[in-house]
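Asker: sequence isn't available, so here's the structure alone:
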Ligand code: ATP
Ligand code: MG
């Protein structure tokens, strides 16, 4: 491509709401243009990057035996009613009616559509296993679209679905897909970690997320310093704590604790570690039809993990409640405890099962119970609802957990028979008996990957594309377009590299050298061949974007040198 003809509107200005490097640089370097909240147009450079990512995905999927299909973006609402997900997904589903008044949904993911495609077509165990995928636009009416391509409303996803005759075979395919996803991210030049994940609204048993490690990531992941264990904090487990503080000594008693409402107040009042206090986090659990106040009890030194809390209640959402709402139920904020209290539903953290020496609210203004033995509450509902802390012990070894930030670029699930049962998609097994398909599902955020690559690969000058993601590998820069010898060499190199099928840009614009160089650094071509003044001595420069190093090469050696580098 000739830069003089290219549509690459670079700019000094970033969008006013842009805070992430990827959002700023992809906008400034003329890759993307925002149309409305969460909606972006891809300009030629972005389109090229997307195609390159898709190529890597397609190659690895082909190697793994998956087949590409393409399902319609507009999906019939009846399918979403059949699976029961129309309510679960809530407002994220964009619904509309056609001229015949039939309701449709813009596809946010395609489990229902893929099951519908396969049911009554794949009818025998002999046709299994089968893995079908597509790379397709998705639409989710996200509550808070932000960070450019990172969280759009319209975005591109690679979504794959596999069908099996047995759980064992699904497990095998799940591992094969994990390996394929690993290869894709490695080829794209990304530093990533595969972690255990929450299964969310899609449902199912095992699930893993592929996290690109970046400080700007929206997800917090807990990783073990000794073994391979890593998990999204939404799902992270611990086997215990690094150190258990000394237990306070006291008799069971009701104690007057004037104004001691917070955990900190209690710690000071009783001179005890927060570990031996009980925190009540009151929330409203919102269900399909109604909602209720739920009291979550955890140790004072822990925090409530909202995704775990949501899973423990089966709620669609967990929202805050006011003091007034609690008082209306007869609860006394600051003094709520699980004992002798039946005003609202309880969920107690697993770590409090049989806990001794605890201090908790006495459900009376200015009173707490001390030395509570939680084994008296063995009939209550216990669940894992607390977030792990840094320093906690790994669930698999004696290593310690620490936190790091990641960008979720992929998510793979063991779905089981959730969708095949709901949609009555069956095959005949070896004994001629009808069975629901056992399924797996594998998602990868293609447009989010464009942003994730830049989050991990940029500097204060702009983008730094990795080899398998770069829109153009080589940029040939003619410093002075009026210098005939520079033009002749530039044109010759351009022609020869094109013949070699190298993705090459020729910067033939009548602009200042500094301006063109800034532009090249902002866009992030891996290599720029600078044809400038040194040509008088038969020398040209190769500038490597990643290291910002320049090497001088003889003009006759430049062609072979650049081929060697790329
Ligand atoms: P998140 O937790 O970030 O909202 P999700 O868990 O809802 O994502 P999945 O349903 O697992 O997402 O979708 C598969 C992949 O699609 C994700 O791993 C992510 O890379 C991508 N993705 C999901 N939502 C968006 C979005 N709003 N914009 C861009 N990519 C997205
Ligand atoms: Mg996910």
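Answerer: It's in. All of these numbers come straight from a predicted model, not from anything done at the bench. Ligands and ions are numbered 1, 2, ... in the order given.

Asker: and residue 547, what is it in contact with?
Answerer: If a contact means Cβ atoms under 8 Å, 6 or more residues apart in numbering, then residue 547 has no contacts. In short, each C-beta sits where N, CA and C put it, glycine included.

Asker: look at residue 201 and report its pLDDT.
Answerer: Listed pLDDT for residue 201 reads 51.

Asker: same check on residue 535?
Answerer: pLDDT, residue 535: 96.

Asker: sec struct for it, please.
Answerer: What DSSP: H, G, I helix; E, B strand; the rest coil gives for residue 535 is helix.

Asker: any idea how many residues pack against it?
Answerer: Residues within reach of residue 535, counting by other Cβ atoms under 10 Å, total 21.

Asker: which residues of this structure lie near ligand 1?
Answerer: Within reach of ligand 1 by Cβ under 6 Å from any ligand atom, the chain has these residues: 109, 140, 142, 151-152, 155, 157, 200, 408-411, 443, 445, 447-448.

Asker: make it 8 Å
Answerer: Contact residues, the chain versus ligand 1 (Cβ under 8 Å from any ligand atom): 38, 108-109, 138, 140, 142, 145, 149-153, 155-157, 159, 197, 200-202, 209-210, 218-219, 407-411, 413, 443-445, 447-449.

Asker: got the contact list for the residue of the chain found nearest ligand 1?
Answerer: Proximity of the chain to ligand 1 (Cβ to the nearest ligand atom) peaks at residue 445, 2.2 Å away. Contacts for residue 445 (Cβ under 8 Å, 6+ apart) come out as 155-157, 408-410, 452.

Asker: tell me the two of those residues that are most distant?
Answerer: Longest distance between any two of those is 15.0 Å, between 156 and 408; criterion Cβ to Cβ.

Asker: all helices for the stretch 451-566 of the chain, in order.
Answerer: Shown for the stretch 451-566 of the chain, the helices assigned by DSSP state H, counting those that start in this stretch span residues 484-499, 513-523, 558-565.

Asker: could you single out the most deeply buried of the ones you listed?
Answerer: Of all those, helix 513-523 has the most neighbours on average by mean count of other Cβ atoms under 10 Å, namely a mean of 18.

Asker: I'd say residue 86 and residue 105 touch.
Answerer: Yes: the pair residue 86 / residue 105 is scored as a contact, 7.5 Å apart, by Cβ atoms under 8 Å.

Asker: contacting residues around stretch 175-185?
Answerer: 56-57, 60-61, 63-64, 131, 160, 162, 192, 194, 208, 210, 212, 409-410, 412, 440, 442, 444.

Asker: so who does residue 346 touch?
Answerer: Counting by Cβ under 8 Å, 6+ apart, residue 346 has contacts 294-297, 338, 380-381.

Asker: picking that back up, residue 86 and residue 105 - which one has more neighbours?
Answerer: The residue with more neighbours, out of residue 86 and residue 105, is residue 105; 24 against 18, by other Cβ under 10 Å.

Asker: circling back: from the residues of the chain next to ligand 1, list just the buried residues.
Answerer: Buried residues within those, counting neighbours by 16 or more other Cβ atoms under 10 Å: 38, 108-109, 138, 140, 142, 145, 149-153, 155-157, 159, 197, 200, 202, 209-210, 219, 407-411, 413, 443-445, 447-449.

Asker: now do the strands in the stretch 1-150 of the chain.
Answerer: Remark: strands assigned in the stretch 1-150 of the chain by DSSP state E, counting those that start in this stretch are 32-36, 39-42, 67-68, 74-76, 95-97, 103-106, 130-139.

Asker: so can I have TSV of the contacts of residue 346 showing pLDDT, secondary structure and neighbour count?
Answerer: Formatted as TSV, the contacts of residue 346 follow (pLDDT from 0 to 100; DSSP: H, G, I helix; E, B strand; the rest coil; neighbours: other Cβ atoms under 10 Å):
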residue	pLDDT	secondary structure	neighbour count
294	96	strand	21
295	96	strand	22
296	97	strand	26
297	97	strand	26
338	92	coil	23
380	91	coil	15
381	95	coil	12
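
Asker: between those, which is closest to residue 332?
Answerer: For the contacts of residue 346, the nearest to residue 332 is residue 295 (12.0 Å; Cβ to Cβ).

Asker: which residues are in contact with that closest one?
Answerer: So residue 295 contacts 280-282, 331, 336, 338, 344-347 (Cβ under 8 Å, 6+ apart).

Asker: which of these are buried?
Answerer: Using 16+ other Cβ under 10 Å, the buried members of those are 280-282, 331, 336, 338, 344, 346-347.

Asker: shared neighbours, residue 86 and residue 105?
Answerer: What both residue 86 and residue 105 touch, as defined by Cβ under 8 Å, 6+ apart, is the set 77, 80, 93.

Asker: name the nearest residue to the second one, ignoring sequence neighbours.
Answerer: This means residue 80. Excluding the flanking residues, the one nearest residue 80 by Cβ to Cβ, 6 or more residues apart in numbering is residue 86, at 4.0 Å.

Asker: show me what contacts that neighbour?
Answerer: Residues near residue 86 by Cβ under 8 Å, 6+ apart: 77, 80, 93, 105.
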